[in-house]
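Asks: Show me the folded form of this:
(2 chains)
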Amino acid sequence: MLIVGENINTSRKRIAEAVEKQNTEFIVQAAKSQANAGADFIDVNAGTFVDREPEYLCWLVKTVQNAVDLPLCLDSPSPKALSEAVKHHRGVPLINSISLEKDRFDAMLPVITAQPCRVVALCMAETVMPVTIEDRVQTGSELIKRLTSEGVALENIYVDPLVQPVSVDTRMGNAVLGAIKTIMNEFPGVNTICGLSNISFGLPARRLINRTFLSLCILQGLSAAILDPTDKHLMANLLSARMILGKDEYCGDFIDAYQNGLIRKD
Amino acid sequence: MSYQTLLDAVIKGDFKTAKEETLKAVDAGQNAQNILDQGLIGAMNIVGDKFSKGAIFVPQMLRSAKTMQECVEVLKPYFQENAMTTKGNIVLGTVKGDLHDIGKNIVGMMLEGAGFNVIDLGVDVAPEVFVNKIEESKADILGMSALLSTTMPSMTQTIKTLMDSGQRDDVKVIIGGAPVTRKFAEDIGADSYAPDAGAAVNEIKKLLNIT
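Replies: As a prediction, the model looks like this:
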């Protein structure tokens, strides 16, 4: 299970302040705490600064990679910001994201094929948001076909089924869970990824909902998640779910995390 | 006549009781506009306040809004043609290039609950589509939503198209969406900004001097 640490995002007030003031120490701390908690990738997102996004995203890439020896998830809907950020990145980044919307696909493709990378393929088609399992599988399949035909290896594609709130439509949980299962079955070797917090928008006890959702996603075969790895409750769910599903030999990861104080025991 | 039972039913999202109470009020000789204003909109104002304060959650608000809509359908035959008064016409949509509609839909439902006539143009709405609809509907308010930093410039473009058409002074513009900030609203010459659906209703009431 690949863990993408989500905490360095300028939609969070304190991160936005740190980015604006170029507060290296604060960002380094946010990167290190996630790396220590088990993140495989650190997400960087400066999307709230519309005009200065490319500049700030590049600063984040340099600042974070100076502090931790991890690849980054370069998170932006803007091809311009991503193509600049990639130049400063060391190692193989995870680019987040491309979708099937025509303008976005066409603009993102050259950014992705310019260097080796992994890519998040968001199940969003041209005209409408997906509702059913079939909507997601159809868009995901089309993205996989088009990306592989452009030379992107299947293992480097991370299909994001696009999580939407169950508060607005109670079918949305099943739609994502079913799509993960189908895509993982139909394209052996491909990855699936999602964020968790959209599922609980508009509801109380959001963290509880998020981690229950994560466990269910893992059951369906989710191979990567964008989350806060410093949340010890969440990590306890993640590691115990993997273990119960037989994905943790000799229960080693779970026990290690427990002994290193990375998970809550209740 | 007290609408307490009707108010409670709408607040609770109890379709059946709410519709029965609406008909009872009609049978008791109440004026349809009065039932709408005092009963249904009154209830939704309470729901909106509770939602803004975090005392109730999205599904509860949606259920109440749906209950109100059903009651409005019940009431419609008792209005004389075009006699239903509205607090104002609002043209609403997600801007060009952006398909996100969840927040926009919640805003639309809360505005309808507050007694506004909402003309929802959906998602991926081009500037000229907004502007044409504003002219056609004599809108009081234009509400625009964007969830992507890459589509926020569509808001700027829409305001520019509105100015070019000579209608900028006819309508108040309010914007929102996750990456949108008050500063951005000021920078592009919008009249107001709302960080959430409850705030959108209050800001629009302020823009139209409705107490």
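
Asks: Assign A:Asp43 to helix, strand or coil.
Replies: strand (DSSP: H, G, I helix; E, B strand; the rest coil).

Asks: Work out for me the element B:Lys24 sits within.
Replies: If you go by DSSP states H and E, B:Lys24 is part of helix B:15-27.

Asks: got the buried residues for that helix?
Replies: B:15, B:18-22, B:25-26 (16 or more other Cβ atoms under 10 Å in any protein chain shown). The way it works is simple: take the backbone N, C-alpha and C, and place the C-beta from them, glycine included.

Asks: So which residues of the chain form helices?
Replies: Looking at chain A here, since you left the chain open. A:13-20, A:24-36, A:53-67, A:79-88, A:102-113, A:133-149, A:172-186, A:206-220, A:232-244, A:252-259 (DSSP state H).

Asks: wait, I meant chain B there
Replies: So, for chain B - with DSSP H - the helices run B:4-12, B:15-27, B:32-34, B:42-52, B:58-75, B:102-113, B:127-137, B:152-164, B:182-187, B:197-207.

Asks: my read: A:Phe213 touches A:Ser197, true?
Replies: No. The criterion here is Cβ atoms under 8 Å, and A:Phe213 misses it with A:Ser197 at 9.4 Å.

Asks: Can you say which of the helices of chain B is packed in most?
Replies: Comparing the helices of chain B by mean neighbour count (mean count of other Cβ atoms under 10 Å in any protein chain shown), helix B:102-113 ranks first with a mean of 24.

Asks: From the chain's centre, how far out is that helix? Work that out for me.
Replies: Distance of helix B:102-113 from its chain centroid, counting by Cα atoms, centre = their mean, to the nearest Å, is 5 Å.

Asks: One more: stretch A:183-193?
Replies: For stretch A:183-193 - counting by Cα atoms, centre = their mean - the centre lies 15 Å from the chain centre.

Asks: Repeat that for stretch A:20-37.
Replies: 18 Å.

Asks: circling back: compare A:Phe213 and A:Ser197 (neighbour count), which wins?
Replies: The residue with more neighbours, out of A:Phe213 and A:Ser197 and counting by other Cβ atoms under 10 Å in any protein chain shown, is A:Phe213; that gives 24 against 17.

Asks: How confident is the prediction for the more buried one, by pLDDT?
Replies: The per-residue pLDDT reported for A:Phe213 equals 98.

Asks: which one is it nearest to, not counting chain neighbours?
Replies: The spatially closest residue to A:Phe213, leaving aside those adjacent along the chain, is A:Ile199, at 4.7 Å (Cβ to Cβ, 6 or more residues apart in numbering or on different chains).

Asks: ok, A:Val50 - contacts?
Replies: B:149, B:152-153, B:179, B:184 (Cβ atoms under 8 Å, 6 or more residues apart in numbering or on different chains).

Asks: So which of these is the closest to A:Val111?
Replies: B:Ser149 (16.1 Å; Cβ to Cβ).

Asks: For chain A, what's its nearest residue on chain B.
Replies: B:Val58 (2.7 Å; Cβ to the nearest Cβ).

Asks: how's chain B carved up into domains?
Replies: B:4-78, B:89-207 (automatic domain parsing).

Asks: Name the nearest residue to the residue of chain B closest to chain A, sequence neighbours excluded.
Replies: A:Gly202 is the one closest to B:Val58 (Cβ to Cβ, 6+ apart), at 2.7 Å.
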